[in-house]
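Undergrad: Fold the following and give me the result.
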Amino acid sequence: MTVRTFASGARGLVLPLAFAWAACSPEPAAPAPDASGDLVSDASAACLSGNVDAIILQLDSLIQASPRPDAYAVRSGCLRWRFAQDSTREDIENAFADLGRAIEASGDGSSIPVDALYNQRAFTRLSLDPNDVAGALTDLDQAVTLAPESIAHRTDRSIARVMVGDTAGAREDLEWLLARSDLDSARAAEARQRLARLE
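TA: Below is the predicted model:
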């Protein structure tokens, strides 16, 4: 399952990108995750069945028994998805807290890359408080530190840097992106346009 974190502009950075689930539609009921299952796959399937509330309850029970970082991360995704549907502030507050718990509980053997958790927390932070761009930038700095070759993290950070007025930092990230031979043409064109606006 691919987690999309690329933001095409300042407005995109604020969107609650809910853990890679683009849409939910009625499907046959999916099994809830258990301690031995693939939590990410099972939770995604449960979302596709429209069973978000039930999957959150299952994850609550699993976390009580075993506070695993992947369970926290998946529950955060479910809460963000539900927040995107009904804008319940408690959901986005709990989603943000779960990402912090997932980061704290993650170790070298974590099944979820910690850099991705920091990136997701940056987006979740802005859903919680659109004015906390400085906090989001701190999370994105950490994501880049942990995964310095990530095009997505550098792109997102360049946007946040512009938003806090760090033109030099944004230019550095954009020039890094344009030096990458594996940057796709669409992202390269956008990076060039954004770099030109900083001149």
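Undergrad: hey, let's count contacts and neighbours off CA atoms from now on
TA: OK.
Undergrad: what about the residue most central in space within the chain, helix or strand, and which?
TA: Closest to where the C-alpha atoms of the chain average out (C-alpha atoms, centre = their mean) is Gln120, at 2.3 Å. Under the criterion of DSSP states H and E, Gln120 resides in helix 114-128.
Undergrad: who does that helix touch, helix- and strand-wise?
TA: The contact analysis (3 or more C-alpha pairs under 8 Å, 6 or more residues apart in numbering; DSSP states H and E) places helix 114-128 against helix 10-14, helix 89-105, helix 133-146.
Undergrad: want to throw these into TSV with distance to Ala168 and mean pLDDT?
TA: Listed next are the helices and strands packed on helix 114-128 as TSV, based on distance: least, C-alpha to C-alpha, whole Å; pLDDT from 0 to 100:
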stretch	distance to Ala168	mean pLDDT
helix 10-14	17	32
helix 89-105	29	95
helix 133-146	14	97
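Undergrad: sorry, back to before: distance from the helix holding Gln120 to the middle of the chain?
TA: Per C-alpha atoms, centre = their mean, to the nearest Å, the displacement of helix 114-128 from the mean C-alpha position of its chain is 5 Å.
Undergrad: Please save the CA atoms from it in PDB.
TA: The C-alpha trace of helix 114-128 is given here as PDB (Å, rounded to 0.1, in the frame of the first residue of the first chain):
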ATOM      1  CA  VAL A 114       9.800   6.000  11.200                       C
ATOM      2  CA  ASP A 115      10.500   8.700   8.600                       C
ATOM      3  CA  ALA A 116       7.100   8.100   7.200                       C
ATOM      4  CA  LEU A 117       5.500   8.500  10.600                       C
ATOM      5  CA  TYR A 118       7.200  11.900  11.000                       C
ATOM      6  CA  ASN A 119       6.000  13.000   7.600                       C
ATOM      7  CA  GLN A 120       2.400  11.800   8.400                       C
ATOM      8  CA  ARG A 121       2.600  13.700  11.700                       C
ATOM      9  CA  ALA A 122       3.500  16.900   9.900                       C
ATOM     10  CA  PHE A 123       0.300  16.600   7.800                       C
ATOM     11  CA  THR A 124      -1.800  15.600  10.800                       C
ATOM     12  CA  ARG A 125      -0.300  18.500  12.900                       C
ATOM     13  CA  LEU A 126      -1.600  20.900  10.200                       C
ATOM     14  CA  SER A 127      -5.000  19.300  10.200                       C
ATOM     15  CA  LEU A 128      -5.100  19.900  13.900                       C
END
